[in-house]
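Undergrad: Structure of the sequence below:
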Amino acid sequence: MDFSVVVEYFPRLLEGAWVSVQLVALSVVLGALVALPIALARISQNWWIKGFPYAYIFFFRGTPLLVQIFLVYYGASQFDVVRESFLWPILREPYWCAIIAFTLNTSAYTAEIFRGAIQAIPEGEVEACKVVGMTKAQMYRRVLLPRAFGIVLPAYGNEIILMLKGSALASTITILDLTGMARTIIARTYTPIEIFLAAGGIYLAISMVIIAIFRQVEKRQNRYLGTVSIKVPDKG
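TA: Purely as a prediction, here's the structure:
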């Protein structure tokens, strides 16, 4: 194996990695903003309220991410009303189509994670909020959402790592993310093993950074769950 090729093209791989990080970061932030109201609607007892969120989550969790990317990128251009709308400058760009598809996909998974975290909060804490006279909005803002944030961190960290790996599919619509850049380099150098090993190492390094960040955030957010040391006085 010729790893001199990796050294030569490593800066190009880093350029692709930066595109991958951008795709994941934007889609995760936008996905979280979309997921929160969907999760709150899902825990409603009214079927008229939670019906659409249920169908939304069912569709985006039940279909492959690759199909969703193709539906956004190739499907939107099939409609004249889309091509003539103000959205066309965005929907004709592969980068923004990938962002839209990733956002819709991760918001469905994140909404279920948020829903599970909110429903995992002990009922006694909810009753305590009601006893002190909090409104529903105050209860969610001051107690339930901060508590749910601590509960959701491990699963949400896994979702971000899954999105990082899923972002490799952006290369199927001509985006030069890390995988797309690796494929371009391989087409020039005919060194698939070396380049894909390097790309895999970069994905692994990014994943390790994400894991380390979430461990620190989880430790800080859930520090009140640590073991409490109680000193027992001597009987003598």
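
Undergrad: For the longest helix along the chain, could you pull out the residues that count as buried?
TA: Looking across the chain with DSSP state H, the single longest helix is helix 4-42. By neighbour count with 16 or more other CB atoms under 10 Å, helix 4-42 contains the buried residues 5-6, 9, 13, 16-17, 19-21, 23-24, 26-28, 30-32, 34-36, 38-42. No exception for glycine: its C-beta is placed from N, CA and C like everyone else's.

Undergrad: Give me the phi and psi for Asp177.
TA: phi -80, psi -160 (degrees, to the nearest 10).

Undergrad: next one: Leu87
TA: phi -80, psi -10.

Undergrad: how close does it get to Asn105?
TA: Plainly put, Leu87 is 19 Å away from Asn105 if you go by CB to CB, to the nearest Å.

Undergrad: Pick out whichever of these two has more residues nearby.
TA: Asn105 (22 against 13; other CB atoms under 10 Å).

Undergrad: Spell out the secondary structure type for that one.
TA: helix (DSSP: H, G, I helix; E, B strand; the rest coil).

Undergrad: and it, what pLDDT?
TA: Looking at Asn105, its pLDDT is 97.

Undergrad: Kindly report the same for Thr227.
TA: At Thr227, pLDDT is 45.

Undergrad: which helices and strands does the longest helix of the chain pack with?
TA: helix 47-62, helix 94-119, helix 145-166, helix 178-189, helix 192-221 (3 or more CB pairs under 8 Å, 6 or more residues apart in numbering; DSSP states H and E).

Undergrad: Any chance of CSV for the ones you listed, columns distance to Phe79?
TA: Formatted as CSV, these follow (distance: least, CB to CB, whole Å):
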stretch, distance to Phe79
helix 47-62, 19
helix 94-119, 14
helix 145-166, 26
helix 178-189, 27
helix 192-221, 35
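
Undergrad: most packed of those?
TA: Highest mean neighbour count among the helices and strands packed on helix 4-42 (mean count of other CB atoms under 10 Å): helix 94-119, with a mean of 22.

Undergrad: following that helix, which helix or strand comes up?
TA: Sequence order places helix 123-131 as the next helix or strand after helix 94-119, per DSSP states H and E.
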